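Colleague: Provide a 3D model corresponding to the input given below.
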Amino acid sequence: MNLLPGGRFKGGPAGDDESMVRARRIVFDAGLYDPVIDAVAAAVAQVHPTCVVDAGCGEGTYLQRATALAGAQGWGIDISKWAIRLAAKRHRDHQYAVASSYALPFADDTFDALINVFSPRDFSEMQRVLHSGGVAAVVTPGPRHLNQLKAIIYDDPHEHLEPSVGDLPNDVPTPDHIEMLTFDLYLDDPALRLSLLEMTPFWWSTVPERRDIIAATPLTVDVDVRLMLYVKPANIA
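Modeller: This is a model prediction of the structure:
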């Protein structure tokens, strides 16, 4: 189902392309991001949900793991038609649609939990579709995330910096809980190194010569992410 009026760029597709989505599936199937996926699933399961939505679901792994652990029904939306096709083909017990996280195609107070991993987000929309007491599990990169890849890609790599609380827009709430997830990935398989690169936006910044370096060089790569939980207060409509 496509509920997106149009792409982000005139004449071009919206969201991740097919190769990027398939690269992410390869990385997840290899278990490389299991600590992150399992942490999100555990956070969602804590509220004992009956229905979960993934706003920016990609190829569906995060939603599948969370609903399986919680015994819940799952809905996923993404602006990438390739992501939705791949998710729907494997996870037939979920409901998927091409749609934007800035205009979630759901009624108010529909879900017990919401997942948002490395995706654009609108906190007012997230709160709107959650029940009171529902939780939004949001994952963003930490400062050292994939630093070793960035050191090869860029001449002057910079750490990822989140804005401080005082610099955030007024409609962005303070997390109720923050969990820092850090671990190393030793990648001796050239195909997995390239898949890890291709699943990220860094792929488009990497010239062919540096892709060749990554393919030829075994790497230990930092995974550094923040899992933030936002509980919808009972007094928010």
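Colleague: just the helices in the protein please.
Modeller: Secondary structure of the chain (DSSP state H): helices at 18-29, 34-45, 61-70, 81-90, 123-129, 147-153, 190-198, 208-216.
Colleague: which one of these is the most hemmed in?
Modeller: Looking across those with neighbours counted as mean count of other Cβ atoms under 10 Å, the highest average goes to helix 61-70: a mean of 22. Heads up, the C-betas are built off the backbone N, CA and C, glycines and all.
Colleague: packing partners for that helix?
Modeller: Contacts defined by 3 or more Cβ pairs under 8 Å, 6 or more residues apart in numbering; DSSP states H and E place helix 61-70 against helix 18-29, helix 34-45, strand 51-55, strand 73-78, strand 111-117.
Colleague: which of those sits closest to Gln64?
Modeller: The minimum distance between Gln64 and the helices and strands packed on helix 61-70 falls on strand 73-78, with 7.2 Å, by Cβ to Cβ.
Colleague: the closest one pairs with which strands, and in what direction?
Modeller: Sheet neighbours of strand 73-78, with direction, are listed as strand 51-55 (parallel), strand 95-98 (parallel) (DSSP bridges).
Colleague: so which of the ones you listed comes closest to Val139?
Modeller: When the strands paired with strand 73-78 are compared by Cβ to Cβ, strand 51-55 sits nearest Val139, at 11.1 Å.
Colleague: any idea of the mean pLDDT for the closest one?
Modeller: What strand 51-55 shows for mean pLDDT is 98.
Colleague: could you number the chain from 9 rather than 1 from now on?
Modeller: Understood, numbering begins at 9; the last thing we discussed is strand 59-63.
Colleague: need the residues that contact it.
Modeller: Residues from elsewhere that reach strand 59-63, judged by Cβ atoms under 8 Å, 6 or more residues apart in numbering: 52, 68, 70-71, 74-75, 78, 80-85, 109, 112, 114, 118-125, 127, 129, 133-134, 137.
Colleague: report the buried residues of that strand.
Modeller: Burial within strand 59-63, assessed by neighbour count using 16 or more other Cβ atoms under 10 Å, is assigned to 59-63.
Colleague: got JSON lines for those residues, with distance to Arg100 too?
Modeller: Rendered in JSON lines, the data for the buried residues of strand 59-63 read as follows (distance: Cβ to Cβ, whole Å):
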{"residue": "Cys59", "distance to Arg100": "17"}
{"residue": "Val60", "distance to Arg100": "16"}
{"residue": "Val61", "distance to Arg100": "17"}
{"residue": "Asp62", "distance to Arg100": "16"}
{"residue": "Ala63", "distance to Arg100": "20"}
